[in-house]
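Colleague: here is the input, now give the coordinates:
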Amino acid sequence: MHRLFRAALRPVTYSRWVHLCVPMLMLAMWMFIGPEAPWVPMLLVIPMGLLPWMRLAEGLQAQFLLAPHERTAPGDREAEEQSFSTVASKRWSDRWRTLLWLEIRLVVGLVAIFATVWLPVLTVQLVRTGLGGTVIDDRLVPAGLPTWAAWALAPLPLVLLIVVVVLLGDMITAIARRLLGPSAAERLTALEVRTEQLLERTRIARELHDSIGHALTVAVVQAGAARAAGDPEFTDRALSAIEETGRAALEDLDRVLRILRESGQRPSQRPTLAEADRLLESARASGATVDAQLVGPLDQLPDPVSQEGYRILQEALTNVLRHCGPVPVRVRIGMVADRLDLEVTNPLPDRPSVMTGGGTGLRGMRERAALLGGETETGLYKGGWRVRTRLPLERIR
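Modeller: Okay, the predicted model is just below:
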């Protein structure tokens, strides 16, 4: 009984009642045309149920009227599984399920409208009997019913109406979840979209980490070196390097923010290894001695390999400056047979702060290489630190 009273106060109870009554509009219109054949609407919904867009329309109705409390804002659907399909039918199995749903909806709606009309009429008849009035239809209220019995029975039809509306609403919602719920193919498509979104978010997070982290590291190292040197000429060079690196980071940040704000926007060109000199000069301007050897036509590399290679090189140089300071760095980049080799090595100072495997940057480099079917190795090497990456070319081409 407590559940019944709570259900009577919930808005979803009445939105479901509206959903049950909607099909009766078509039945009511038909009764003016052919009252002698009330079963014809059951045949009329057959071609309608086989139309692909009917599943979309019914799914939206169910979403807004049967379970409005489950609806979420656009973009928040990631956190929960969709109860009703909101796409047109793509397979015949979906069309047959939609047709079955329409037939069941007509039958259940007919029961709901019958209860909605006749149970309140019965209450009115009982009240008239209690007041001593004339009974309009003795099929509803028997003649000679005592006044006290009429007053005692008057509330029961209204209570029964609430029970019927609640039970029919729960039943039609359960049926809708079964017949209008996403098919296995739709669930797989949604899972693929979700996976793509997660991969894109991970990629954007790596882009921001590598770009902004590199810029901040260069700025901190340059500022510290300029303050320690006390040389106006060196300070000017340091400020120029900070300005150039900061401008590049702002461009990367603006590009990523455009992608986040406008989902349909085509991403602008990401930096590639053809621009590796910019990273090397930035490291040199920070005080590091960079011995770089770039072999092969790096400007002809496939875009994915060149772009990810640029970010791996950027993160490797950033880690050198951040954890070891302005130490000598050896960079080797070259195309060997069917792969790209990238290696960054540097000596370790007396008290380095090199991360040994759990850092976000090191994990990001490994993830970038793994996405292309390659690998990145990081760790101690001949008394120093080495980042070694191998990226395949044939599979990318």
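Colleague: distance check, the nearest residue to residue 7 once chain neighbours are set aside against residue 173.
Modeller: In space, and not counting its chain neighbours, residue 7 is closest to residue 166: 4.5 Å by Cβ to Cβ, 6 or more residues apart in numbering. For the C-beta atoms, the positions are set from N, CA and C on the backbone; glycine is no exception. Counting by Cβ to Cβ, to the nearest Å, the gap between residue 166 and residue 173 amounts to 11 Å.
Colleague: repeat that for residue 361.
Modeller: Taking Cβ to Cβ, one finds residue 361 at 50 Å from residue 173.
Colleague: domains for this protein, by residue range?
Modeller: The chain resolves into domains spanning 2-182, 188-392 when parsed by automatic domain parsing.
Colleague: packed most tightly, which of those domains would that be?
Modeller: domain 188-392 (a mean of 17; mean count of other Cβ atoms under 10 Å).
Colleague: for the chain, what helix or strand is lowest in average pLDDT?
Modeller: helix 24-33 (a mean of 68; mean pLDDT, DSSP states H and E).
Colleague: residue 361 reaches residue 315, doesn't it?
Modeller: Yes. Taking Cβ atoms under 8 Å as the definition, residue 361 is a contact partner of residue 315 at 4.9 Å.
Colleague: need the overlap of contacts for the two.
Modeller: Among the neighbours of residue 361, those also in contact with residue 315 (Cβ atoms under 8 Å, 6 or more residues apart in numbering) are 209-210, 213.
Colleague: which of the residues you listed fall in helices?
Modeller: Those of those mapping onto helices are 209-210, 213, per DSSP state H.
Colleague: can I get those residues in TSV including distance to residue 126 and pLDDT?
Modeller: As requested, these are exported to TSV (distance: Cβ to Cβ, whole Å; pLDDT from 0 to 100):
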residue	distance to residue 126	pLDDT
209	74	71
210	78	70
213	78	74
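Colleague: need those residues in CSV with distance to residue 324, can you?
Modeller: Shown next, in CSV, are those (distance: Cβ to Cβ, whole Å):
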residue, distance to residue 324
209, 19
210, 18
213, 15
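Colleague: from those residues, pick the one nearest residue 127.
Modeller: residue 209 (73.5 Å; Cβ to Cβ).
Colleague: wait, that closest one sits on residue 363?
Modeller: No. Proximity of residue 209 to residue 363 does not meet the contact threshold set by Cβ under 8 Å, at 10.0 Å.
Colleague: helix, strand, or coil at residue 86?
Modeller: Judged by DSSP: H, G, I helix; E, B strand; the rest coil, the three-state class of residue 86 is coil.
Colleague: what sits closest to it if chain neighbours are left out?
Modeller: Counting by Cβ to Cβ, 6+ apart, residue 86 lies nearest to residue 59, which is 4.6 Å off, once chain neighbours are set aside.
Colleague: any idea which helix or strand carries the one you found?
Modeller: helix 52-61 (DSSP states H and E).
Colleague: which strands and helices lie in contact with that helix?
Modeller: On a contact count with 3 or more Cβ pairs under 8 Å, 6 or more residues apart in numbering; DSSP states H and E, helix 52-61 meets helix 92-130.
Colleague: how far does the next helix or strand after the helix it packs on sit from the chain's center?
Modeller: Under the assignment DSSP H and E, the closest C-terminal helix or strand after helix 92-130 is helix 147-153. Taking Cα atoms, centre = their mean, to the nearest Å, one finds the center of helix 147-153 at 58 Å from the center of the full chain.
Colleague: now stretch 123-132
Modeller: The chain centroid and the centroid of stretch 123-132 are separated by 57 Å under Cα atoms, centre = their mean.
Colleague: ranges for the strands of the stretch 201-350 of the chain?
Modeller: Residue ranges of the strands in the stretch 201-350 of the chain, as given by DSSP state E, counting those that start in this stretch, are 290-295, 329-336, 339-347.
Colleague: just send the ones you listed back as a markdown table, with distance to residue 123 and mean pLDDT too.
Modeller: Output for the strands of the stretch 201-350 of the chain, formatted as a markdown table (distance: least, Cβ to Cβ, whole Å; pLDDT from 0 to 100):
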| stretch | distance to residue 123 | mean pLDDT |
| --- | --- | --- |
| strand 290-295 | 89 | 90 |
| strand 329-336 | 86 | 90 |
| strand 339-347 | 82 | 92 |
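Colleague: which one, of those, ends up nearest to residue 88?
Modeller: Among the strands of the stretch 201-350 of the chain, the nearest to residue 88 by Cβ to Cβ is strand 339-347 (44.9 Å).
Colleague: residues contacting the helix or strand following that closest one, please?
Modeller: Using DSSP H and E, the helix or strand that follows strand 339-347 in sequence is helix 360-371. Helix 360-371 has contacts (Cβ under 8 Å, 6+ apart) with 202, 206, 209-210, 213, 308, 311-312, 315-316, 318-319, 355, 375-376, 378, 387, 389-391.
Colleague: just the pLDDT for residue 35.
Modeller: pLDDT, the model's per-residue confidence, is 60 for residue 35.
Colleague: ok, residue 169 touching residue 20?
Modeller: Yes. If you go by Cβ under 8 Å, residue 169 and residue 20 touch, sitting 7.1 Å apart.
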